[in-house]
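Peer 1: Give me a 3D structure for the following:
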Amino acid sequence: MLLTGFEPFDKEALNPSWEAVRTLDGWRCEGAAVHARRISCVFGAALTELDAAIDELRPQLVLAIGQAGGRSEITPERVAINIDDGRICDNAGCQPIDEPVVAGAPVAYFSSLPIKAMVRDLRAVGIPAAVSNTAGTFVCNHLFFGLMHRIATRPVPGMRGGFIHTPYLPEQAARFPGAPSMALDTVIAALRIAVATSLAVREDVRETGGQLN
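Peer 2: Numbers count the residues shown, from 1 in each chain. Alright, predicted model coming up:
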């Protein structure tokens, strides 16, 4: 399987998604080997890097991880929308406004992962989690939509994919008084559970947003 995290952005020194993802490179779960890749926080380039990793690895499962500062829970995303609308510039200085991720593509795609089962399993071990219905309109959603469009139009046979947002790490939240955070060890544990749940739940996921039959 392919597990991706983002490089730091918006003047941050680190990104919790990559800090967690890189620790899982080489981990094996349910017979699957995890391959970690760092993705640029740049519109366009992020999809090029994702495509290259998929072409190289031909994974059965792709789970992309991103930072959502201000959230207090692990949030599996339900839907990716076909819009780039940058609140800030990406790491290349680009700030698309009201542009499609992929011209002519559908307006949205649902995750093909068992997002409600992920939340259930995370909460069962005491990790705060909730389904999110918006991945935003920055590079996280850009990557999520590009992933689901790739699965819909140029799939690796049997490949499924989705996206999870994580909160700030404590050292990041310290710069924003009152902002919630989550310890890195907890984020790593959450990703292990999300991966295991995704690999265990295969045929029981509807195509309408990761709900269990």
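Peer 1: What ranges does the protein have for its helices?
Peer 2: Chain-ordered helices for the chain, with DSSP state H as the definition, fall at 16-21, 45-57, 115-124, 139-153, 170-173, 184-200.
Peer 1: Of all the ones you listed, which one comes closest to residue 86?
Peer 2: Nearest to residue 86 among the helices of the chain is helix 139-153 (8.2 Å), distances taken as CB to CB. Where you see a C-beta, it was placed from the backbone N, CA and C, and this is true even at glycine.
Peer 1: what's the angle from the closest one to helix 45-57?
Peer 2: With axes from the mean of the first three to the mean of the last three CA atoms, to 10 degrees as the criterion, the two stretches helix 139-153 and helix 45-57 enclose an angle of 40 degrees.
Peer 1: what comes up buried for helix 139-153?
Peer 2: Of the residues in helix 139-153, those buried under the neighbour-count criterion (16 or more other CB atoms under 10 Å) are 139-151.
Peer 1: Switch those over to a markdown table; also include distance to residue 160 and pLDDT.
Peer 2: Formatted as a markdown table, the buried residues of helix 139-153 follow (distance: CB to CB, whole Å; pLDDT from 0 to 100):
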| residue | distance to residue 160 | pLDDT |
| --- | --- | --- |
| 139 | 22 | 98 |
| 140 | 18 | 98 |
| 141 | 18 | 98 |
| 142 | 19 | 98 |
| 143 | 16 | 98 |
| 144 | 13 | 98 |
| 145 | 15 | 98 |
| 146 | 15 | 98 |
| 147 | 10 | 98 |
| 148 | 10 | 98 |
| 149 | 14 | 98 |
| 150 | 12 | 98 |
| 151 | 7 | 97 |
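Peer 1: would a markdown table of those with distance to residue 62 be doable?
Peer 2: Shown next, in a markdown table, are the buried residues of helix 139-153 (distance: CB to CB, whole Å):
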| residue | distance to residue 62 |
| --- | --- |
| 139 | 16 |
| 140 | 14 |
| 141 | 15 |
| 142 | 15 |
| 143 | 10 |
| 144 | 10 |
| 145 | 13 |
| 146 | 11 |
| 147 | 6 |
| 148 | 10 |
| 149 | 12 |
| 150 | 9 |
| 151 | 8 |
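Peer 1: ok, of those, which one's closest to residue 4?
Peer 2: Out of the buried residues of helix 139-153, the one with the shortest distance to residue 4 is residue 143. That distance is 7.5 Å, counting by CB to CB.
Peer 1: ok, that closest one touching residue 65?
Peer 2: No. The pair formed by residue 143 and residue 65 falls short of the contact definition of CB atoms under 8 Å, at 9.9 Å.
Peer 1: Overlap of the contact sets of the two?
Peer 2: Overlap between the neighbourhoods of residue 143 and residue 65 consists of 4, 163, taking contacts as CB atoms under 8 Å, 6 or more residues apart in numbering.
Peer 1: Which two of the buried residues of helix 139-153 have the greatest separation?
Peer 2: Of all pairs drawn from the buried residues of helix 139-153, the one with the longest distance (CB to CB) is 139 and 151, at 18.6 Å.
Peer 1: most packed of the helices of the chain?
Peer 2: With neighbours taken as mean count of other CB atoms under 10 Å, the helices of the chain reach their highest mean count in helix 16-21, at a mean of 25.
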